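S.K.: When you get a sec, could you give me coordinates for this:
(2 chains)
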Protein chains: 2
Amino acid sequence: MNIQKVENRVIQVNQFFLEKADQLLTPLLEEKQEPLQLVETTKNDDYIHGWKTETVGPIEALQDRSLGKGESVIIDFGDHLVGYVSMRIVPVGSPPDAPLHVKFTFGEMPVEVSEPFSEYNGWISSSWLQEEVLHVDVLPEELKLPRRYSFRYLRIDVLNTSPKYKVSFADIYCKTVTSANNEKVVQLSHPDEMMKKIDDVSIKTLQDCMQEVFEDGPKRDRRLWLGDLRLQALANYVTFQNNDLVKRCLYLFAAVPDEGGRISANLFMKPSIIADDTYLFDYSLFFTTTLFDYYIATNDKETLEDLWPSAYRQVELALQRLDERNIVQDDPSWWSFIDWHEELNKQAPSQAILIYTLKRAIKLAEILKSEQKDYLVDKLTEIERATIEYLWNEETGFFVSGEQKQISWATQVWMVLAEVLELTSSKQLLTRLMKENPAIGMNTPYMYHHYVEALLLVGEKEQAISSLKHYWGGMINDGADTFWELYNPNDKAYSPYGSHLINSYCHAWSCTPTYLIREFGL
Amino acid sequence: MNIQKVENRVIQVNQFFLEKADQLLTPLLEEKQEPLQLVETTKNDDYIHGWKTETVGPIEALQDRSLGKGESVIIDFGDHLVGYVSMRIVPVGSPPDAPLHVKFTFGEMPVEVSEPFSEYNGWISSSWLQEEVLHVDVLPEELKLPRRYSFRYLRIDVLNTSPKYKVSFADIYCKTVTSANNEKVVQLSHPDEMMKKIDDVSIKTLQDCMQEVFEDGPKRDRRLWLGDLRLQALANYVTFQNNDLVKRCLYLFAAVPDEGGRISANLFMKPSIIADDTYLFDYSLFFTTTLFDYYIATNDKETLEDLWPSAYRQVELALQRLDERNIVQDDPSWWSFIDWHEELNKQAPSQAILIYTLKRAIKLAEILKSEQKDYLVDKLTEIERATIEYLWNEETGFFVSGEQKQISWATQVWMVLAEVLELTSSKQLLTRLMKENPAIGMNTPYMYHHYVEALLLVGEKEQAISSLKHYWGGMINDGADTFWELYNPNDKAYSPYGSHLINSYCHAWSCTPTYLIREFGL
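M.R.: Below you'll find the predicted structure:
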């Protein structure tokens, strides 16, 4: 895995944009959520990650249980939550003659409160694993854990008290936070119960990721990524309609480009707005397409005018990556994301994303009556021609990518979305794709979203619904309260990070079914 | 080990005493202490606990070191400190894309920052081991650790950052706290350098234990114990002279007796004043002797008048433990402390402590012209007679204790301090004790103090100095910055708790050499 690290870059801060973004920041909505029940998990390979959850008592039973050294309890809040946890810890027995040493473990999934984090051995930092080890010197204690957690299950392990006392836990609750207002969502009535459920879980997923920015995942990375933002914004327009949050995020990205005007793949919010030193070909272009989608949803021309130069600049920079044939240059480094897939070649899908973006940039240029339009139209023609000439393989009937002429699902899907072929040819391409099922498949809900959208674009509605139900419905059948960062129905422990413990189980890029269902009337 | 736990006791709170104690609480003195150097520890059996400390760089080198996953550093503050630690944590590399997961371990001794706490297996709660594991979400961070630590060494282990960044640590300091004002201490000039050093280290030990009350140890238990208070008060009168702190502690103890008027062995200060449910025969009596010492030091008759009923009540209660022979009843439970010694029988030393206390109670009754005096004098006569009759063994020339007629150091020492025999006989008893060296020896500086004091009482000044230098000087030669809770020159890893990791290395009851040196002109 390559981790991109750009040395010596200079960030050009646009103070005006930063201030605009700042003005759009509003207080989060808070709600108090109490836990549902006490559970236990047991090893059982019939369940996701091999852990079955069983109720062992109502939550009311908790305050009567006193826990001493080595004892633990798992509290089930009944649904996925993002927020701040408080509780009262009461000593039982003699006056506490030693501090309480206690561990709190938060899990979105049962596996996280069942398998010890000490066994985690993935390459992403273990510091994301949601646990806290505390000493409490004075009891009783009104404990307010200062960090925000993303979880359904809370496991409490009493590491030690003293031989003279134990502790009990009471009044546990979570103050949830979000910038998504439920009241704005029009309820969907759907004859198909699973479709209704998929819509609900999509919306919950989006809601829990909507904070001071659109986060990718409230558990991990808790950050504003362009690829996620684009999809979240689409889901938001048909649900919470917090369009100012999209606007805020667009201004944030535009506020901190590098010296060449290139927009970072993601931003950190604290201690101040920081552009990460990860730059991705596709993600930078999604700034342009997200602005396009935003304008379509809002007609907000002032924002379009402010941000058009940034959007246009991303296209210009992408065009600079074209070789003399007008094909995006391949690169061994991780310069375009597309999907989490070790073997996926990124050239052809990146070429498709460039075309996809150019078509939207041209429309924006038209709206703005920009003189840049003609240039873009010319480039699009050349690039589309080159794509057919160099990447289309007549013999196999697939687009190919990279030196090895790799045939992947991602390439075909994006070529369909980019509308490189006529509609009927695109339809045939997808049919062929399903039939021949090339080995380089799809690993993320992010990529599956694009696949389902491609099916809808070519009119394969039934197939789209069936895929949606198979994939997102599969997650629900496997116990999802919110949709996951990663799901491979054929390898349910799949993680690009080396452990399913670190996967995010509430992840922005998998919230799109509500968009697909509502926008396309599924 | 028996842990005393008294069920269903009723505490009789004396609000007037509590308020008096409260009024005597003054803000702690604070001082900023910066670290001295960076060190490493290596296994070496020539050093205490098997760990040798070596300088590896000046403290200035710290801020240039960046630490990633699995890296650590040991910071040496150069002396024992009690206080609150702050530092600045700065990210090095890319913007931090994962929280910092970091562990801080505080050690009074090198062993505590060298041997992993996970290997601790003693019976006292591991929650006393001074470590914190934190997640830091936003960097740079001005970290102020909220708990108070007692330490010289701070080990920092970076558990994880992310592959994209490391961290460095800067501006580390400790804000020390104490209620002991150095300016009040008259400097001792002493021709013997070791005696001077012993005096210095005693004073430092006392200082670090003087907080809002006299604590037994700032690392562990951080509590007001009567046995420690008595000795701290004596050392305080010849050094810091914070006599109001002694007064405050006496009022606190008197404020929360049980329904029978019995004073607890120790008090908790938080969340409010709580009498522990541990009651010890000797410790309760030390309320009376501590009041006596306080009056001698201060002539504060108002306090004496307030507290005399409580002091007298402890004597009454002790007298109730006498059997028909006028001998303190033996008991298999841990009802009298005397010393940390599994096999020590407590009967005879408790008898001696009762006599020791009676003699002082009689003097107080005299001062107060109390009608209780005659009763006390009569009881003393009976008890002294019974002691000689039943506990003195003419044949061996030793006092014996318990059914097994155990001959211990503790019994002889306390019988000398209680002045049960004539001075010459007491002197002979100690000489015999040293010569015959019975197997049940002394384990704590607390017991050694009484031994040295007994030597001084019988005029064995040279032997007292030599014992002082051998024992407390031995600790200094073994690296003590402050005197330890436990020291057995013949078994330097000795711990009654099952591990030297949990021992306290700055402990009130070992601060007495300054009292012995200054009071007896050693």
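S.K.: just the strands in the stretch 51-200 of chain A please.
M.R.: A:51-58, A:72-93, A:100-107, A:131-136, A:141-144, A:149-160, A:165-178 (DSSP state E, counting those that start in this stretch).
S.K.: Any chance of JSON lines for those strands, columns mean neighbour count, mean pLDDT and distance to chain B?
M.R.: The way it works is simple: take the backbone N, C-alpha and C, and place the C-beta from them, glycine included. Below are these laid out as JSON lines (neighbours: other CB atoms under 10 Å in any protein chain shown; pLDDT from 0 to 100; distance: least, CB to the nearest CB, whole Å):
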{"stretch": "strand A:51-58", "mean neighbour count": "14", "mean pLDDT": "97", "distance to chain B": "24"}
{"stretch": "strand A:72-93", "mean neighbour count": "20", "mean pLDDT": "98", "distance to chain B": "8"}
{"stretch": "strand A:100-107", "mean neighbour count": "23", "mean pLDDT": "98", "distance to chain B": "4"}
{"stretch": "strand A:131-136", "mean neighbour count": "19", "mean pLDDT": "98", "distance to chain B": "5"}
{"stretch": "strand A:141-144", "mean neighbour count": "14", "mean pLDDT": "98", "distance to chain B": "9"}
{"stretch": "strand A:149-160", "mean neighbour count": "23", "mean pLDDT": "98", "distance to chain B": "4"}
{"stretch": "strand A:165-178", "mean neighbour count": "19", "mean pLDDT": "98", "distance to chain B": "9"}
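S.K.: Nearest to B:K20, out of those strands?
M.R.: Closest to B:K20 of the strands of the stretch 51-200 of chain A, according to CB to CB: strand A:72-93, at 27.8 Å.
S.K.: tell me what that closest one is packed against?
M.R.: strand A:29-33, strand A:37-43, strand A:100-107, strand A:141-144, strand A:149-160, strand A:165-178, helix A:193-209 (3 or more CB pairs under 8 Å, 6 or more residues apart in numbering or on different chains; DSSP states H and E).
S.K.: List the neighbouring strands of that strand plus their orientation.
M.R.: Strand A:72-93 has the following sheet partners, assigned by DSSP bridges: strand A:37-43 (antiparallel), strand A:141-144 (antiparallel), strand A:149-160 (antiparallel), strand A:165-178 (antiparallel).
S.K.: Now do that strand: distance to the chain's middle.
M.R.: 26 Å (CA atoms, centre = their mean, to the nearest Å).
S.K.: Same check on stretch A:157-172?
M.R.: Using CA atoms, centre = their mean, the offset of stretch A:157-172 from its chain centre is 37 Å.
S.K.: Output the set of residues of the stretch 101-250 of chain A in proximity to chain B.
M.R.: A:101, A:123-128, A:132-133, A:135, A:137-140, A:147, A:159-164, A:220-221, A:223 (CB under 8 Å from any CB of the partner chain).
S.K.: Now with 6 Å, please.
M.R.: A:H101, A:S125, A:S126, A:S127, A:W128, A:V133, A:V138, A:N160, A:S162, A:P163, A:K164 (CB under 6 Å from any CB of the partner chain).
S.K.: Tally up the residues packed near A:P271, please.
M.R.: A:P271 has 10 neighbouring residues, counting by other CB atoms under 10 Å in any protein chain shown.
S.K.: pretty sure it is in contact with B:V138, am I right?
M.R.: Yes - with contacts counted by CB atoms under 6 Å, A:P271 reaches B:V138, the gap being 5.4 Å.
S.K.: Can you check the pLDDT for A:K5?
M.R.: The model reports A:K5 with a pLDDT of 60.
S.K.: got JSON lines for the strands paired with strand A:72-93, with distance to B:A255 too?
M.R.: Output for the strands paired with strand A:72-93, formatted as JSON lines (distance: least, CB to CB, whole Å):
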{"stretch": "strand A:37-43", "distance to B:A255": "41"}
{"stretch": "strand A:141-144", "distance to B:A255": "24"}
{"stretch": "strand A:149-160", "distance to B:A255": "30"}
{"stretch": "strand A:165-178", "distance to B:A255": "22"}
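S.K.: Which one, of these, ends up nearest to B:M434?
M.R.: strand A:149-160 (42.2 Å).
S.K.: Got phi/psi on A:M442?
M.R.: phi -120, psi 140 (degrees, to the nearest 10).
S.K.: Quick check: closest non-adjacent residue to it.
M.R.: A:W409 (5.1 Å; CB to CB, 6 or more residues apart in numbering or on different chains).
S.K.: roughly how far apart are that neighbour and chain B?
M.R.: A:W409 sits 29 Å away from chain B, going by CB to the nearest CB, to the nearest Å.
S.K.: for A:T396, same thing?
M.R.: Counting by CB to the nearest CB - A:T396 and chain B are separated by 38 Å.
S.K.: try A:L231
M.R.: A:L231 is 21 Å from chain B, by CB to the nearest CB.
S.K.: Quick check: pLDDT value at that residue.
M.R.: 98.
S.K.: name the element it belongs to?
M.R.: helix A:226-237 (DSSP states H and E).
S.K.: before we move on, the earlier item: will you turn the strands of the stretch 51-200 of chain A into a markdown table that also has distance to A:V246?
M.R.: As requested, the strands of the stretch 51-200 of chain A are exported to a markdown table (distance: least, CB to CB, whole Å):
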| stretch | distance to A:V246 |
| --- | --- |
| strand A:51-58 | 36 |
| strand A:72-93 | 19 |
| strand A:100-107 | 29 |
| strand A:131-136 | 33 |
| strand A:141-144 | 32 |
| strand A:149-160 | 22 |
| strand A:165-178 | 15 |
